[in-house]
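Enquirer: Please work out how this folds:
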Amino acid sequence: MNNHTEYLINSSISFTAIFGDEGKEIKLRSYLLSLEKILADKMPAAKYSKHLDFILIDLRVDGFLKWFTIPDKPKLMNYSSKNRDISYQVSIKKDFWLLSSKNKQEYLLNIAKDAINATCARLKKKKFDVDLVGMMNDFDEVAREYRSITS
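Expert: Numbers count the residues shown, from 1 in each chain. Predicted structure coming up:
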């Protein structure tokens, strides 16, 4: 098992991406790998609720090829009680690539924070117990460490 797979299995928040252009994957992956490692270290799977193992952030990266749907706005998918997970679809528009390195980091952190808030709101509606305060505190620590990587 490679390190990337281990991070995905052990983290409360994981990323996946679908790309409309070749070559973008390597560029985006460089931002995600360090973030996923910190998430796995600081926010282990199933830590915040007995009903939720992880949030999967599904990035839809806009490009020349249009073989998949790009959501106009972020979309929280249905909760899976079998897998105890939820997916959060969000688009990465073409202007993302024009951002500075720091702004790309902030953009990804904001997506993760929005996914946490949307997921916790959905689970609370279902009357599931979720430690949102603990999750957000741990995420703030993740964000500080991630920002310090390129400071």
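
Enquirer: Outside of stretch 101-117 itself, list whatever touches it.
Expert: For stretch 101-117, the surrounding residues in contact (Cβ atoms under 8 Å, 6 or more residues apart in numbering) are 13, 31-32, 35, 39, 55, 57, 59, 74, 76, 88, 90, 96, 99, 132, 135-136, 139, 143, 146-147, 150. Bear in mind the C-beta positions are built from the backbone N, C-alpha and C, glycine included.

Enquirer: Can you give me the buried ones in that stretch?
Expert: For stretch 101-117, the neighbour count (16 or more other Cβ atoms under 10 Å) marks 104, 105, 108, 109, 111, 112, 113, 115, 116 as buried.

Enquirer: Which of the helices or strands spans the third one?
Expert: So that's residue 108. helix 101-125 (DSSP states H and E).

Enquirer: So which of the contacts of stretch 101-117 sit within helices?
Expert: Among these, the members falling in helices (DSSP state H) are 31, 32, 35, 39, 132, 135, 136, 139, 143, 146, 147.

Enquirer: Show me which of those is closest to residue 48.
Expert: Ranked by distance to residue 48 (Cβ to Cβ), these are led by residue 135 at 4.6 Å.

Enquirer: ok so, going back, out of the ones in helices among the contacts of stretch 101-117, what pair is the most spread apart?
Expert: Maximum pairwise distance in the ones in helices among the contacts of stretch 101-117, criterion Cβ to Cβ, is 25.5 Å, between 31 and 132.

Enquirer: Tell me which residue is most central in the chain.
Expert: residue 57 (3.8 Å; Cα atoms, centre = their mean).
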